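A.B. asks: take a look and give me a structure for this.
(one chain, ligands or ions: 1)
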Amino acid sequence: MKELRFSKMHGLGNDFMVIDAINQQVTFSEEKVRRWADRHFGIGFDQLLVVEPAQQVDVDFRYRIFNADGSEVQQCGNGARCFARFVVDKQLTDKKEIRVETASGIIVLYVQDDGWVKVNMGVPNFAPQSLPFLVPQQQQRYLVPVLGEDVVLGAVSMGNPHAVVKVDNIDAAPVEALGEALESHELFPERVNVGFAQVLDFEEVRLRVYERGAAETLACGTGACAAMVVLHNWGLVSDRVKIRLPGGDLLVEWSGKPDSVVWMTGPAETVFEGVIADE
Ligand SMILES: N[C@@H](CCC[C@H](N)C(=O)O)C(=O)O
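C.D. replies: Here you go, the predicted model:
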């Protein structure tokens, strides 16, 4: 058994175990991640974030993400902000503009003087095959039969797959039941994250997200970006929107022009440092 150092961090209550895998040797299995993620018998987290050496020449780090159920995924927005704070606080870099490779491409993280992090989340991809979403053609709105009703949703990849459902009031939304049913719906063969969005006005949206592989979380960064771009396409929000999640607020900006990137700005906090025995 060897000792493995980690940080426990969160972005608006979406919580993470963060491991420096540059200065420590560590291997991952689904079973190990699930054990660490357990909130009673482990450390407890929504996602595990791993800092690895860059594999490409033009980036600073490689960023790997595992959901609490042990599945490795392509992107995590709240995690990206925590990743930036981690590599700066641990003096793994002295840069304030950090280029990071993920399983879905390169993202750029900017650590601001106030400690918040602004992330270039890349260009949203509305092509159904990018999620993947098994529908005959790309549309702004899709009608999906689930739990005995036809649910209207938008679909987008923010590097990871998202479905967005507009609701009148997120407090009354069937997040658990519908979220779970859509997450593993046959039209989403790689499963999907499901956002429930309540539009307050052009600049403000309330959002709850049922995350693939982690169930409902207090916040989802890519979910906030997905909700914003879908609602923007539907003409319901402006280019700069405050997304109010159960764990706090995120600022999401997107012009809606072809090939324009999405910007997400918000906090990232360290809760404690820990050491765990690892085989
Ligand atoms: N919490 C995240 C998203 C984490 C990954 C997601 N559950 C997936 O499976 O794609 C965020 O802040 O974006």
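A.B. asks: hmm, whatever helix or strand residue 274 lives in touching the ligand?
C.D. replies: Using DSSP states H and E, residue 274 falls within strand 269-278. No: using C-beta under 6 Å from any ligand atom, strand 269-278 stays clear of the ligand, with a minimum separation of 13.9 Å. C-beta: built from backbone N, CA, C; applies to glycine.
A.B. asks: for that strand, which strands pair with it and how are they oriented?
C.D. replies: Applying DSSP bridges, strand 269-278 is found paired with strand 2-11 (antiparallel).
A.B. asks: convert the C-alpha atoms of the partner strand to CSV, please.
C.D. replies: The C-alpha trace of strand 2-11 is given here as CSV (Å, rounded to 0.1, in the frame of the first residue of the first chain):
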residue,chain,number,x,y,z
LYS,A,2,1.2,3.5,-0.8
GLU,A,3,-0.1,6.9,0.3
LEU,A,4,-1.8,9.1,-2.3
ARG,A,5,-2.3,12.8,-1.7
PHE,A,6,-5.4,14.5,-3.0
SER,A,7,-7.4,17.8,-2.6
LYS,A,8,-11.1,17.9,-2.0
MET,A,9,-12.5,20.8,-4.0
HIS,A,10,-15.8,22.1,-5.2
GLY,A,11,-17.3,24.5,-7.8
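A.B. asks: any buried residues in it, and which?
C.D. replies: Within strand 2-11, the residues that qualify as buried are 4, 6, 7, 8, 9, 10, 11, counting by 16 or more other C-beta atoms under 10 Å.
A.B. asks: partner residues bridging the fourth one?
C.D. replies: Here residue 8 shows beta-bridge partners residue 17, residue 272, assigned using DSSP bridges.
A.B. asks: same check, this time on the first one
C.D. replies: Residue 4 forms beta bridges with residue 276, as assigned by DSSP bridges.
A.B. asks: what residues are up against it?
C.D. replies: 19, 24, 26, 275, 276, 277, 278 (C-beta atoms under 8 Å, 6 or more residues apart in numbering).
A.B. asks: hang on, the second one in a strand?
C.D. replies: When you say that, I think you mean residue 24. No: counting by DSSP: H, G, I helix; E, B strand; the rest coil, residue 24 falls outside a strand, being coil.
A.B. asks: so residue 177 is in which element?
C.D. replies: Assessed by DSSP H and E, residue 177 sits inside helix 175-183.
A.B. asks: now swap in residue 208 and tell me
C.D. replies: strand 204-211.
A.B. asks: rounded mean pLDDT for whichever helix or strand comes after that strand, please.
C.D. replies: Next helix or strand after strand 204-211 toward the C-terminus (DSSP H and E): strand 215-217. Computed over strand 215-217, the mean pLDDT rounds to 98.
A.B. asks: pull the residues that contact strand 215-217.
C.D. replies: Residues from elsewhere that reach strand 215-217, judged by C-beta under 8 Å, 6+ apart: 13, 14, 46, 175, 176, 179, 180, 208, 209, 210, 211, 247.
A.B. asks: kindly provide the distance from the fourth one to the ligand.
C.D. replies: Just to be clear, that refers to residue 175. Residue 175 sits at a distance of 14 Å from the ligand (criterion: C-beta to the nearest ligand atom, to the nearest Å).
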